[in-house]
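A.B. asks: quick check, what structure comes out for this input:
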Amino acid sequence: AKDSTMSLSATVATLAEELEPIKDRILGGIDGNHEHAAIRDADLSLVELLCDRLGIPYCGDQAVIRMHIAPGRNGPGRMGRSATIYATHGSGGGNTEGATLNVVTKLTKMFNGADLYLCGHTHAPVADSVLVTELVQARGDVRLIQRPVWLVNAGSFQRWTAPVAEPEREKGNNWHPLEKDGFAV
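C.D. replies: Numbers count the residues shown, from 1 in each chain. Below is the predicted model of the structure:
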């Protein structure tokens, strides 16, 4: 905001205009570390303003989303396969894929039971799954099950324009290419 030629309200309006065509695909907005300064100093979340303008849910710092992703075996309206997503901006960092994945793994300690843990703070996309063993009790039956849990750092939208030559890399991250004239620059 300090170096921008555009006011914050104009920035929110521009972002809303850009996101309008896909707003029906946005599950919600989450504040990140860059927004926390405005929240701390002015008690104002630009993400909340953007969400209000688009008519989508504002989730604050984190969201737990339960999605039905497959119909039930016994026809429509029956419980099918569902997924629970825990999403937050994330914190911490790392220079390698393993360190970036460790950032996501820490989320499993913040919320237990999700099928997908999702963040993006490090701007470096990486994903992996782990098998989790759980004790399940249903209709008097008790059993152990194993299920996959996905750990995903979604990265960011730094690929805004044409890629630069391979040797030019984002500072602090040796495997995610920086784009020439992208907004991250």
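
A.B. asks: got a list of contacts for the longest helix seen in the chain?
C.D. replies: Assignment by DSSP state H gives helix 8-19 as the longest helix of the chain. By Cβ atoms under 8 Å, 6 or more residues apart in numbering, the residues outside helix 8-19 that reach it are 1, 4, 6, 26, 38, 46, 49-50, 53-54. All C-beta spots, glycine's among them, are computed from the backbone N, C-alpha and C.

A.B. asks: nearest spatial neighbour of V142, chain-adjacent residues omitted?
C.D. replies: Nearest residue to V142, sequence neighbours excluded (Cβ to Cβ, 6 or more residues apart in numbering): L135, at 6.8 Å.

A.B. asks: which ones are touching that neighbour?
C.D. replies: 142-144.

A.B. asks: just give me the closest of those residues to G93.
C.D. replies: The closest of the contacts of L135 to G93 turns out to be L144 (Cβ to Cβ; 35.7 Å).

A.B. asks: show the contacting residues for that closest one.
C.D. replies: With Cβ under 8 Å, 6+ apart, L144 has these contacts: 133-136.

A.B. asks: pLDDT for those - can I get that in a markdown table?
C.D. replies: Output for those, formatted as a markdown table (pLDDT from 0 to 100):
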| residue | pLDDT |
| --- | --- |
| T133 | 88 |
| E134 | 85 |
| L135 | 87 |
| V136 | 85 |
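
A.B. asks: ok, and the most crowded of these?
C.D. replies: Each of these was scored by neighbours using other Cβ atoms under 10 Å; the highest score is E134's, at 12 neighbours.

A.B. asks: residues near the closest residue to it other than its chain neighbours, how many?
C.D. replies: The spatially closest residue to E134, leaving aside those adjacent along the chain, is I145, at 5.7 Å (Cβ to Cβ, 6+ apart). I145 has 9 neighbours, counted by other Cβ under 10 Å.

A.B. asks: can I assume I145 is in contact with A138?
C.D. replies: No. Applying Cβ atoms under 8 Å as the test, I145 and A138 come out as separate, 10.3 Å apart.

A.B. asks: kindly export stretch 85-105 (C-alpha atoms) in CSV.
C.D. replies: Extracted in CSV, the C-alpha atoms of stretch 85-105 (Å, rounded to 0.1, in the frame of the first residue of the first chain):
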residue,chain,number,x,y,z
ILE,A,85,-10.9,-29.5,4.4
TYR,A,86,-8.9,-27.4,6.9
ALA,A,87,-7.6,-24.3,5.2
THR,A,88,-5.5,-21.5,6.6
HIS,A,89,-2.9,-19.1,5.1
GLY,A,90,-0.1,-20.9,7.0
SER,A,91,3.1,-19.5,8.5
GLY,A,92,6.8,-20.4,8.5
GLY,A,93,8.9,-21.2,5.5
GLY,A,94,11.5,-23.3,4.0
ASN,A,95,13.9,-23.5,1.0
THR,A,96,13.1,-27.0,0.0
GLU,A,97,10.0,-29.0,-0.8
GLY,A,98,10.4,-31.0,2.4
ALA,A,99,10.5,-27.9,4.5
THR,A,100,7.5,-26.5,2.7
LEU,A,101,5.6,-29.7,3.3
ASN,A,102,6.5,-29.5,7.0
VAL,A,103,4.7,-26.2,7.2
VAL,A,104,1.5,-28.0,6.0
THR,A,105,2.1,-31.0,8.3
